[in-house]
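*Asks:* Here is a sequence together with a model predicted from it:
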Amino acid sequence: MSIERVSLELPANTAPEEAEKKAIAQLRKHRIREWSALSLQTILTTDTPGISRYSFTYWVEDEALE
């Protein structure tokens, strides 16, 4: 298993639950179907007003990344 990260730029007022739904959609878009312990790690401001970067980590089996 390895820990991976997904980051999304979303409106600054996005609720953590909504950001998590978008992170899951992003994982599925990249054909990562099985993961565990998806966790919001940081919410950072960006240079674009009203936009924040939401970073999540998750565990995935190494075979799932091939």
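*Replies:* Sure, I can see it.
*Asks:* And the pLDDT for the residue located most distally from the centre of the chain?
*Replies:* For the chain, the largest distance from the centre (CA atoms, centre = their mean) belongs to Pro49, which lies 20.6 Å off. For Pro49, the pLDDT comes out at 95.
*Asks:* Look at it and tell me its secondary structure.
*Replies:* Under the three-state scheme (DSSP: H, G, I helix; E, B strand; the rest coil), Pro49 adopts coil.
*Asks:* and the gap between it and Pro11?
*Replies:* 11 Å (CB to CB, to the nearest Å). Every C-beta, even on glycine, is put in place using the N, C-alpha and C of the backbone.
*Asks:* One more: Trp59?
*Replies:* For Trp59, the distance to Pro11 equals 28 Å [CB to CB].
*Asks:* So for the two, which sits in the more crowded spot?
*Replies:* Trp59 (14 against 10; other CB atoms under 10 Å).
*Asks:* residue contacts, the more buried one?
*Replies:* Trp59 makes contact with 1-4, 35-37, according to CB atoms under 8 Å, 6 or more residues apart in numbering.
*Asks:* Mind checking which of those residues are buried?
*Replies:* 4, 35 (16 or more other CB atoms under 10 Å).
*Asks:* Just the ones in strands from the contacts of Trp59, please.
*Replies:* Using DSSP state E, the members of the contacts of Trp59 that fall in strands are 2-4, 36-37.
*Asks:* Among those residues, show me the least confident.
*Replies:* Ser2 (92).
*Asks:* Distance of the residue nearest to that one when sequence neighbours are not counted relative to Ala23?
*Replies:* Leaving out its chain neighbours, the residue that sits closest to Ser2 by CB to CB, 6 or more residues apart in numbering is Asp62, at 5.7 Å. Distance, Asp62 to Ala23, by CB to CB: 20 Å.
*Asks:* which residues touch the helix or strand hosting Glu9?
*Replies:* Following DSSP states H and E, one finds Glu9 within strand 2-11. Applying CB under 8 Å, 6+ apart, the contact partners of strand 2-11 are 18-19, 22-23, 26-27, 35, 41, 46, 48, 50-60, 62, 65.
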